[in-house]
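S.K.: mind folding the following:
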Amino acid sequence: MSAPIVSFDGIGYEITLFRHEKEEKLTFGEHKLLVCVANKDEFQRAAPQIKGPPADDGFFYYLYAQPYDVGAANFIWLKDKEEAFALHKAIKDAEELNDYRNYHHDSKCTFCGAMESECGGDHADEMREIQREALQRD
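M.R.: Coordinates of the predicted model:
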């Protein structure tokens with residue numbers, strides 16, 4: 001079984017699941033994604049929306065995609081525990097990669113105006129010198 005592939009751009013998700021040697025692509029805009037498991041009794045609420053049998057262990061595994069705005073949730077059947085765990089990990093990895101990219105972008109230093117990767121962002125010596133000069137003028 002090939003592991004699911006997930007990309008996340010900060011807003012939407014694109015998920016590729018591999019089923020019977022074919023790719024199944026899913027796209028979600030602004031959604032909260034959760035990988036879930038339920039036994040038969042708990043699963044009856046969502047059962048009509050999910051197209052697939054329980055896994056060999058007797059549990060139902062599914063992706064629950066709830067839009068942030070108005071709209072009905074989507075329930076996507078997952079084959080088994082392995083696919084559910086792999087999808088959960090792929091979603092978390094994609095979200096963490098997006099967070100890393102957004103946090104570590106190269107921005108301009110507010111002190112000198114240069115790119116932070118060029119100046120290093122540490123201007124403590126320069127700031128102390130500016131303070132000394134200001135105090136000497138007074």
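S.K.: all strands of the chain, in order?
M.R.: Using DSSP state E, the strands of the chain run over residues 5-8, 13-19, 22-28, 31-38, 60-67, 74-78.
S.K.: now these as JSON lines including mean pLDDT, mean neighbour count and distance to Ala134?
M.R.: From N, CA and C alone the C-beta is placed, and that goes for glycine too. Compiled in JSON lines, the strands of the chain are given as follows (pLDDT from 0 to 100; neighbours: other CB atoms under 10 Å; distance: least, CB to CB, whole Å):
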{"stretch": "strand 5-8", "mean pLDDT": "92", "mean neighbour count": "18", "distance to Ala134": "47"}
{"stretch": "strand 13-19", "mean pLDDT": "93", "mean neighbour count": "18", "distance to Ala134": "52"}
{"stretch": "strand 22-28", "mean pLDDT": "93", "mean neighbour count": "12", "distance to Ala134": "54"}
{"stretch": "strand 31-38", "mean pLDDT": "92", "mean neighbour count": "17", "distance to Ala134": "51"}
{"stretch": "strand 60-67", "mean pLDDT": "93", "mean neighbour count": "20", "distance to Ala134": "54"}
{"stretch": "strand 74-78", "mean pLDDT": "91", "mean neighbour count": "20", "distance to Ala134": "60"}
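S.K.: for Arg128, find the nearest of the ones you listed.
M.R.: strand 5-8 (42.8 Å; CB to CB).
S.K.: related to what we said a few turns ago, in CSV, list the strands of the chain along with distance to Asp122.
M.R.: Converted to CSV, the strands of the chain look like this (distance: least, CB to CB, whole Å):
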stretch, distance to Asp122
strand 5-8, 33
strand 13-19, 38
strand 22-28, 41
strand 31-38, 39
strand 60-67, 44
strand 74-78, 48
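S.K.: how far away is the residue nearest to Ala38 when sequence neighbours are not counted from Ile15?
M.R.: When the adjacent residues along the chain are set aside, Ala38 lies closest to Phe60, with 5.1 Å between them (CB to CB, 6 or more residues apart in numbering). Separation of Phe60 from Ile15 (CB to CB, to the nearest Å) stands at 18 Å.
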